[in-house]
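A.B. asks: okay, here's the prediction I keep looking at, along with the sequence it came from:
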Amino acid sequence: MTRAALSIALVLAGSLPIAASAQPADLPIPAATTETYPPGVKIAKTKAGMVYADRKGRTLYGLDMRVLLRAGPDPAQFCTGECASLWEPLLAPPGSTPNIAYPDGSRQDGAPQTGEPTFYRQPQSAPDWTIIAAAQGPQWVYKGWHLVFARRGDKRGSTEFDGAQDMAWNTLKFVPPVPKQAMPANVMPLVLDGDTTLADTEGRVLFTGECHAGCEGWRPLPAGLAAAGMDDWTIKKDGDVPQWTWRGQPVFVTAEGDPHAVPVGAKALRPFKGGRR
């Protein structure tokens, strides 16, 4: 989180009843790592994109504990009173044992005491779904920080409350798992518009197609010193420089001003659908 974003989050958390920024732009939710969800939870398609939903089809929302630092020693206990009358926590099954606990300051590094639940300070290292002892019982948490709720009385597929109360509540957006596939060292997966696109290591989208005129934006994806291909990737060596191909199609890297844009007539390289091959 940037210093400015953290300052704003702290001010909001300290000055409003439930003001927070559950998914601020500079803190994107990492990609999912599993397709196993809590009982009743599923992926739903809405006009605003793919989100997690409960068994009633209500969109799930995240309340980020990072921006409730002034709300009390344990942000998991925050949603009571008026908050609880409006928001229904996604509770774990009866008898569930919490496996994360918000640090109480006794360990500055956030490491658990012997026998205590772990708390994941970095979302990238947290399992997708964990359980914390919350105000109304053991409650599901997404990516270690996002307390999961549904809006009481909400309609199926609605995202009406996304960003409600000064960004306190944000739809729990589904970012598909990163596909596991061998790929060149200068290629990485990039999630755009809810699907996985391939990009170079500088974040510039890769694409295929045939350029017939005005090819300034078409830069061959260099194979460098690679000696051989892998899986769907092979090396085309009949040009000025060795170029990667995917399933026989020459691969290019965009030279557009927008690193996520591709030239006219090109097709972004999206070998996966919804995170699957």
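C.D. replies: It's in.

A.B. asks: which residues sit in contact with Cys211?
C.D. replies: If you count contacts by C-beta atoms under 8 Å, 6 or more residues apart in numbering, Cys211 has them with 218, 263, 265-266. Where C-beta positions appear, they are placed from N, C-alpha and C, glycine not excepted.

A.B. asks: count of neighbours near Asp74?
C.D. replies: By the criterion of other C-beta atoms under 10 Å, Asp74 has 17 neighbours.

A.B. asks: kindly report the same for the one 4 residues further on.
C.D. replies: With neighbours defined by other C-beta under 10 Å, the count for Phe78 comes to 20.

A.B. asks: quick check: phi and psi at the residue lying closest to it once chain neighbours are set aside.
C.D. replies: Excluding its sequence neighbours, the residue lying closest to Phe78 (C-beta to C-beta, 6 or more residues apart in numbering) is Ala71, at 4.8 Å. When read as degrees, to the nearest 10, the backbone of Ala71 gives phi -80, psi -10.

A.B. asks: do the same with the one 5 residues further on
C.D. replies: Backbone dihedrals for Ala76, given as degrees, to the nearest 10, come out at phi -70, psi -20.

A.B. asks: how near is it to Leu68?
C.D. replies: Look at Ala76 and Leu68: by C-beta to C-beta, to the nearest Å, they are 9 Å apart.

A.B. asks: quick one: which of these two has more around it?
C.D. replies: Per other C-beta under 10 Å, whichever of Ala76 and Leu68 has more neighbours is Leu68, with 28 against 22.

A.B. asks: measure the more buried one to Phe252 for me?
C.D. replies: 46 Å.

A.B. asks: same check on Arg219?
C.D. replies: 6 Å.

A.B. asks: so for those two, which residue has more residues nearby?
C.D. replies: With neighbours defined as other C-beta under 10 Å, Arg219 and Phe252 compare such that Phe252 has more, 25 against 14.

A.B. asks: phi, psi for the more buried one please.
C.D. replies: Torsion angles, degrees, to the nearest 10, at Phe252: phi -120, psi 160.

A.B. asks: again, but for the one 5 residues further on
C.D. replies: In terms of degrees, to the nearest 10, the main-chain angles of Gly257 are phi -60, psi -40.

A.B. asks: do the same with Ile100
C.D. replies: phi -130, psi 150.

A.B. asks: surely it and Ile132 touch.
C.D. replies: Yes - counting by C-beta atoms under 8 Å, Ile100 does reach Ile132; the two are 5.2 Å apart.

A.B. asks: overlap in contacts, the two.
C.D. replies: What both Ile100 and Ile132 touch, as defined by C-beta under 8 Å, 6+ apart, is the set 117, 141.

A.B. asks: those two: which is more packed in?
C.D. replies: Neighbours were counted for Ile100 and for Ile132 using other C-beta under 10 Å; Ile132 has more, 23 against 20.

A.B. asks: partners of the helix or strand containing that one, with directions?
C.D. replies: Assigned by DSSP states H and E, Ile132 belongs to strand 129-134. Sheet pairing of strand 129-134 (DSSP bridges) gives strand 137-142 (antiparallel).

A.B. asks: can I get the CA coordinates of the partner strand in CSV?
C.D. replies: Taking Å, rounded to 0.1, in the frame of the first residue of the first chain, the C-alpha atoms of strand 137-142 are listed here in CSV:
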residue,chain,number,x,y,z
GLY,A,137,-18.8,-16.7,15.4
PRO,A,138,-16.2,-18.4,13.3
GLN,A,139,-16.3,-16.4,10.0
TRP,A,140,-14.7,-17.0,6.6
VAL,A,141,-11.9,-14.7,5.5
TYR,A,142,-10.7,-14.4,1.9
